[in-house]
Structures are given as C-alpha cells and as structure tokens.
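Undergrad: Need the 3D shape of this:
(one chain, ligands or ions: 1)
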Amino acid sequence: MKIYIIADMEGIAGVVSKDQTEGSSSHLEVARLQYTREVKAVCEAAIEEGVEEIYINDFHGNGLNLIPEKLPEEAMVIRGGFRPSSGFDLLDKTFSGLVMLGVHARTATGRGVIPHTYSQKISFEMFGQPVGEFDLLSLIAGECKVPTLLVSGDSIAIEQARTNLPSTHMVITKFPVGTESALCIHPNRVLTQLKDEMRRAVKNIQSIEPPQIAPPLQLLIKLHDVTLAHRLEWIPGIKKVDDTTFEYLGKSMKEIANVVYGTTTLAECKF
Ligand SMILES: [Zn+2]
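TA: Numbering: from 1, shown residues only. A predicted model of the protein is given here:
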C-alpha cells in the first residue's frame, strides 16, 4: 500500500503566527521540528498498519521545511519550489489514500489561524459553495479515486473540511482565538491523536469514499482587492461576472487547481 501526505504548517500544533511559518526566526525552527514530528507520527502509524511506501509533499512556503533525516526511511519527500502544480505533484491513482496535515481555514474566514487559499487576496467557490485548499486537493485525489483518510488542523479548518469529507478521520490541533492566536493542545497529545486516527483510518480504508464531482466544473473566483481585476482579464477562458467576480468552467479538477494556483500566484506578484 502506498499513501500520499500533503503537509502544511499553519495547522500544526502550537503554530499561531506568521513569525512561525516564514522568515528566518528561531520560532520557525521550533515550528519545523513539530511539523516534522507530526508527519513522522503519521508515517509510523501508517507503516505499523502495513503501508509500504509514503510520498510526502512539503507543501508550505519554499517547500524546504521538513527535516528528512528525522522521518522513517519508507518516506520520500517532494521538496523545493517552482513546481508544476501546487500540493499534488506526482499524486495519481496508484495511491491508496491521501492525508492532509496542518491545514488552515479558507480565505476570508473570520476566525481560523492564518486563513487563506494560496493567497489572502482571492477566495473561490464551486457550485455555490466556498472551497479552500483542502477541498480542492481532496477533490483532485477523488478524481484519481484516492480517498482522503485523515485531515489535521485548527478547529475552524476542521469544521470546514468536515462538510465535504464526512467519513474522513480528523484531528484538531488548536482552537483559534483570533487569526493569529489560539488555545493550543499540547504538541505531544496531538502526536498521540494523529497516530491513533491514522491507524483507525488505514483499518477503515474501504469505508472512506473518495469525494467526486462531475464536469463541467464551475469555479467562481472572488477578488478581495479590486485592483487585481485587470490581471485576471489577461487570462483567456476566465469570464468576468462583475468587478470582483470571475468564472471559469473546467473539465477536470487538475485544470481547476491550475487556474486557482495561476490566479493566486498572479495576485501575489509584485510588478
Ligand atoms: Zn502553508
């Protein structure tokens, strides 16, 4: 059995501030240790349950956050930046399950630690429902018939993820107080919960359905900064609905994800 882990940092135990997720402060170094410990705990539980091969996507920032020598030897890490896709490189139907660790709430969520969907300047909807990174990535896996086994993150992100992933195992790492503060569960307790839930999820794998939706896939792109509108007008195939809303109709989730990644990257570019 082979599984794919997408590991982000904002939803890791004890992480509440951008000081812990970017730059070069000692806070980032401490956060990287817990990030690696949480990924390791899930790998160990998976191996105990018979998983032989694990791909880990170091999904946060520059993709150089995990400390590979601290991980089990069965694990291989997708590291570094400038990748062809965001979060799902090399994910295909040969995997038996997806795990998403350290997830955060969607853009413009009033609570939730560091809420964003690749950027804090754009939010997205599909079929009238808000979608964040975990929704898009679980749908991409679903398109490959890969079920989402386990998700971890703050309580608001988990509440959002549950809506579209009712049978997925979930672990809450903290309870947000504000967008850069939270009541945090002890890091060691989070490790124990991750191991327990991962073991249960692998045992339960047959009863976890991959989420699926049928094309045409409607993506609504909602700008939180009107000055970005002209940038989206550069892209053929993206239709303007009003000053801050654009629409894209896609044939597959990978195509939708590329539009999300492309538009958010463009939104963050400084000209
Ligand atoms: Zn991140």
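
Undergrad: And for the closest residue to the ion within the stretch 51-200 of the chain, the neighbour number?
TA: Distance from the ion to each residue of the stretch 51-200 of the chain (CB to the ion) is smallest for His60, at 3.8 Å. Bear in mind the C-beta positions are built from the backbone N, C-alpha and C, glycine included. For His60, the neighbour count with other CB atoms under 10 Å is 24.

Undergrad: which residues does it contact?
TA: Counting by CB atoms under 8 Å, 6 or more residues apart in numbering, His60 touches Ala7, Asp8, Met9, Glu10, Thr21, Tyr35, Gly102.

Undergrad: The ion versus the first one, what's the distance?
TA: Between Ala7 and the ion the computed distance is 9 Å (CB to the ion, to the nearest Å).

Undergrad: partners of that residue in the sheet?
TA: On the basis of DSSP bridges, Ala7 is bridged to Asp58, Leu101.

Undergrad: Isn't it up against Tyr55?
TA: No - Ala7 lies out of contact with Tyr55 (CB atoms under 8 Å); the separation is 10.8 Å.

Undergrad: For those two, indicate the residue with more neighbours.
TA: Ala7 (27 against 18).

Undergrad: Would you mind measuring from that one to Leu98?
TA: Ala7 sits 12 Å away from Leu98, going by CB to CB, to the nearest Å.

Undergrad: And His104, by the same measure?
TA: From His104 across to Leu98, the span is 17 Å (CB to CB).

Undergrad: and these two? which has more neighbours close in?
TA: Counted by other CB under 10 Å, His104 and Leu98 do not tie: His104 has more neighbours, with 30 against 27.

Undergrad: what sits against the more buried one?
TA: Contact analysis of His104 by CB under 8 Å, 6+ apart lists 8, 10-11, 112-116, 132-133, 153-154, 157.

Undergrad: do Thr245 as well
TA: Thr245 neighbours (CB under 8 Å, 6+ apart): Leu220, Ile221, Lys222, Leu223.

Undergrad: go with 10 Å
TA: For Thr245, the contact set (CB atoms under 10 Å, 6 or more residues apart in numbering) comprises Glu125, Leu220, Ile221, Lys222, Leu223, Ala229, Leu232, Lys239.

Undergrad: No further questions, thank you.
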